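> What follows is a predicted protein model with its sequence.
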Amino acid sequence: MNKFSFIFPGQGSQSVGMMADFNDHPLIRSTFNEASDVLNVDFWKMATEPNEEINQTIHTQPILLTAGIATWRLWQSKTDKIPSYLAGHSLGEYSALVASDAIEFKDALKLVKFRADVMQKAVPEGVGAMAAILGMSDEEVVNACKEAQGNEVVEAVNFNSPGQVVIAGNVLAVERAIEIAKAKGAKRAILLPVSVPSHCSLMQKASDELRDYLSDITIKKPAIAVIHNVDVMEHNDVSKIKDALSKQLCHPVRWVETIEKIALNKISHIAECGPGKVLTGLTKRISAELQSTALVNENALDEFKTLTQ
């Protein structure tokens, strides 16, 4: 049997119609209904009918968690095969922890809604920004940020793939870093359409509030190893899991290292469990050895099941 891993996407992978190719599968619908009951929001309507609410972080975070777990449950209904590793990009780490039975789905829904709320409140609208820098090494981007800082914050926060790094911080510092990166040879340097500067030190207050909230959340030892963004390590100790989740808000997502770690552990196949194909594209740029599949419909699940036999 081929060893395989599952990875879960984060914010940016949401879209109206993102579950349409599952053809109203009862397990998908029931998972969305469960989430809607917990948070008193009609997430199925949000996923299927034109709206802007899906892109508001307070809705984006729980709906992506729901989509990832709905897809995971459909996989579980088809096979008893278990991934060797789980990981999730930023918000996706919560989906991975639910899939590993470390956190109850209903608790995770409330947790990511709280996470969204404290992230939104931590930095006033118009103060923070994020940008993607393409075609520069990690070190070059880090140095461009240092040069641009002045008395403000701008940091490299998502190491997504070789030559693709996201930066975040105060809007003027981010704009300075964009100009410096362009001058130093970046292929592209573009502001992203987000107002919350995730994973940088401006999120310290949100991180502290999340840490307090996590103290009342029941987390168990994961049944499947989850590789965390902040330190690229698996943790069985509950206090270390909570620490990794709170630190994640104000520290970089080390995604390249995460995928490299999976590849080094003789994993042959990796599946993106949730909407879109963002992580599948990143995986192909990080590792030539890993065969990556986006589980965007039931056929993809069936094909991946065959691949991993």
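Everything's here; your move.
> could you measure the closest residue to L245 other than its chain neighbours against L282, distance?
Nearest in space to L245, with sequence neighbours left out and distances taken as Cβ to Cβ, 6 or more residues apart in numbering, is L214 at 6.2 Å. The way it works is simple: take the backbone N, C-alpha and C, and place the C-beta from them, glycine included. Remark: distance between L214 and L282 (Cβ to Cβ, to the nearest Å) = 28 Å.
> The two: who's more crowded?
Counting neighbours by other Cβ atoms under 10 Å for L214 and for L282 shows that L282 has the greater number, 23 against 19.
> could you give the mean pLDDT of the helix or strand harbouring the more buried one?
Element membership for L282, per DSSP states H and E: helix 278-286. The average pLDDT for helix 278-286 rounds to 97.
> and that helix, how far from the chain's centre?
13 Å (Cα atoms, centre = their mean, to the nearest Å).
> Buried residues of it, list them for me.
The neighbour-count check on helix 278-286 (16 or more other Cβ atoms under 10 Å) flags 278-283, 286 as buried.
> what two of those have the greatest distance between them?
Greatest spacing in those, by Cβ to Cβ: V278 and I286 (12.7 Å).
> Buried ones in stretch 154-168, by neighbour count?
Within stretch 154-168, the residues that count as buried by 16+ other Cβ under 10 Å are 154-161, 164-168.
> swap in stretch 238-258?
For stretch 238-258, a neighbour-count test (16+ other Cβ under 10 Å) marks 238, 241-256, 258 as buried.
> just checking, what packs against the host helix or strand of A300?
Assigned by DSSP H and E, A300 belongs to helix 298-307. Where contact means 3 or more Cβ pairs under 8 Å, 6 or more residues apart in numbering; DSSP states H and E, helix 298-307 is packed against helix 57-78, strand 269-272, strand 291-294.
> For the longest one, name the packing helices and strands.
Judged by 3+ Cβ pairs under 8 Å, 6+ apart, the packing partners of helix 57-78 are strand 4-8, helix 26-39, helix 43-48, helix 92-99, helix 105-122, helix 298-307.
> what would the ones you listed look like in CSV with mean pLDDT and distance to Q14?
Listed next are these as CSV, based on pLDDT from 0 to 100; distance: least, Cβ to Cβ, whole Å:
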stretch, mean pLDDT, distance to Q14
strand 4-8, 98, 13
helix 26-39, 98, 13
helix 43-48, 97, 8
helix 92-99, 98, 12
helix 105-122, 97, 12
helix 298-307, 97, 18
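> Adding mean neighbour count, write the ones you listed out as TSV.
Shown next, in TSV, are the helices and strands packed on helix 57-78 (neighbours: other Cβ atoms under 10 Å):
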stretch	mean neighbour count
strand 4-8	28
helix 26-39	18
helix 43-48	20
helix 92-99	28
helix 105-122	20
helix 298-307	15
